[in-house]
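[1] sequence and predicted structure below; questions after.
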Protein chains: 2
Amino acid sequence: MGTKGEGNRQRIIEAADSLFYRRGYNQTSFQDISDATGIPRGNFYYYFKTKDDILNAVVDTRIADLTLMVNSCESATSDARERLLMFSNMLEHQQDDVIQSGCPIGSLTTELAKDEPALHEKSRQPFVLLRNWIKSQFESLGLSNAEDLAMDLLAKLQGVTVMACAFKDVEYLKRSHHEIKDWINKKTLN
Amino acid sequence: MGTKGEGNRQRIIEAADSLFYRRGYNQTSFQDISDATGIPRGNFYYYFKTKDDILNAVVDTRIADLTLMVNSCESATSDARERLLMFSNMLEHQQDDVIQSGCPIGSLTTELAKDEPALHEKSRQPFVLLRNWIKSQFESLGLSNAEDLAMDLLAKLQGVTVMACAFKDVEYLKRSHHEIKDWINKKTLN
DNA sequence: GTCTATAGCCGGATAGAC
DNA sequence: GTCTATCCGGCTATAGAC
């Protein structure tokens, strides 16, 4: 229950979050996290039972961050169309990281699809959150096929991310993000 | 130059191809390939200098297979629209593998984007082949933005693959493939 | 060409001093 | 709570017998 321990726990999660994104889950070792934080390897087991537990904590904080992100869209405007455009704009700010490492959610889910089912299911949770939020935005605009549209939007974002990262093409990424916003407008206007 | 050795070399490549797809490159060990082929681990170094060399050979055979695939589309019809639809149909036949392990090209490229640049560049080559072939199909139909359309088609395919694998949803995958064929028709008719 | 044995390193996880 | 030392196993790669 000490405050000191919780601070270290948070630092481990933040370093693991970044490394899982930039290097992948399986390619990140305890030594890597130790180097990034200055916390000795053996100490990790005071905060987490296994490496899988670190992944669970990382995904939980990603979900918390995404919740803050969509809540800030909710606070900004009552127009669901503007919320979706605002959400897309937020993603555009991560374009340099996307070119280098892909989508944090998509690449982790793709990696862990080849691993144990429990890890894969955990990695899918951020997608579930986003699908439900986007769905509720389309619903509030009176669109009947809101869930299909939510999957379409996520698929568009994932598709351009995979190709932009594969070809290391930031201009393609920018152009495609504009087309996605055009698509949002087309689906939600009138 | 013996014929026996070349047979073993081919068996190693085929087993590695399947394992790199189902488990990932970094998660596939020489022991895994040995178990799958019955060829002892130490023997691999007679055929390949390093594990990276096996990856290079695997990607080369994937490129050869894709070349056969697009050539069979070229042979079947002189209508580029029909060729693109035929290509999409061929991808649909791999839907069960896609749900389990994603796209062989996309998931490998996403994984190796977080690895050494040389491996990532090699893994991108199948995408280059497909982009150029799709581009030439759109060009032969007189479309001026053929390269953009080729990237759009590949992005659509990658996007639905990532989401279908993430959610393990084969019905979504089928529906989305039909929508992609509708899009091809929309872009290429009249 | 084929196979065994093993080097040398690094991984996750543990024990126990402080 | 913090840190060191270490176990045990798996990894790529090599050496060398046959």
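    Structure's in. What do you need? Residues are numbered from 1 along each chain as shown, chains lettered A, B, ... in the order given.
[2] tell me the domain ranges of chain A?
    Listed by automatic domain parsing, the domain ranges of chain A are A:1-48, A:51-188.
[3] nearest to chain B: which residue in chain A?
    residue A:159 (2.7 Å; C-beta to the nearest C-beta). Placement of C-beta: from N, CA and C, glycine included.
[4] what distance separates the start and the end of stretch A:23-34?
    When the termini of stretch A:23-34 are compared using C-alpha to C-alpha, to the nearest Å, they are 15 Å apart.
[5] that one and chain B in contact?
    Yes - Stretch A:23-34 reaches chain B (C-beta under 8 Å from any C-beta of the partner chain) through A:23, A:24, A:26, A:27.
[6] hang on, residue A:187 packs against residue A:143?
    Yes - Residue A:187 is within contact range of residue A:143, at 7.2 Å (criterion: C-beta atoms under 8 Å).
[7] shared neighbours of these two, anything?
    Shared contacts of residue A:187 and residue A:143 (C-beta atoms under 8 Å, 6 or more residues apart in numbering or on different chains): residue A:149.
[8] circling back to that earlier point, if you rank the residues of stretch A:23-34 next to chain B by neighbours, which is first?
    Using other C-beta atoms under 10 Å in any protein chain shown as the neighbour test, those are led by residue A:24, with 24 neighbours.
[9] top helix in chain A by residue count?
    In terms of residue count, the longest helix belonging to chain A (DSSP state H) is helix A:51-76.
[10] which residues of chain A score low on pLDDT?
    Low-confidence segments of chain A (pLDDT under 70): A:1-4.
[11] now do 80
    Applying pLDDT under 80 to chain A picks out residues A:1-5, A:190.
[12] could you list the residues of it in contact with DNA strand C?
    When proximity is defined as C-beta under 7 Å from any atom of the strand, chain A approaches DNA strand C at A:28, A:29, A:30, A:31, A:32, A:41, A:42, A:45, A:49, A:50, A:51, A:52.
[13] most neighbours among those, which one?
    residue A:28 (22 neighbours).
[14] quick one: the helices in chain A?
    Going by DSSP H, chain A shows helices at A:3-23, A:30-37, A:44-47, A:51-76, A:80-92, A:95-101, A:104-112, A:117-140, A:146-167, A:170-188.
[15] is the fourth one anywhere near chain B?
    No - counting by C-beta under 8 Å from any C-beta, chain B is not contacted by helix A:51-76; separation bottoms out at 13.1 Å.
[16] next, the angle from that helix to helix A:30-37.
    Here helix A:51-76 points in a direction 50 degrees away from that of helix A:30-37 (axes from the mean of the first three to the mean of the last three C-alpha atoms, to 10 degrees).
[17] skipping adjacent residues, who's closest to the residue nearest the centre of chain A in space?
    In chain A, the centroid-proximal residue (C-alpha atoms, centre = their mean) is residue A:105; its distance is 4.0 Å. The shortest distance from residue A:105 to any non-neighbouring residue, by C-beta to C-beta, 6 or more residues apart in numbering or on different chains, is to residue A:126 (4.6 Å).
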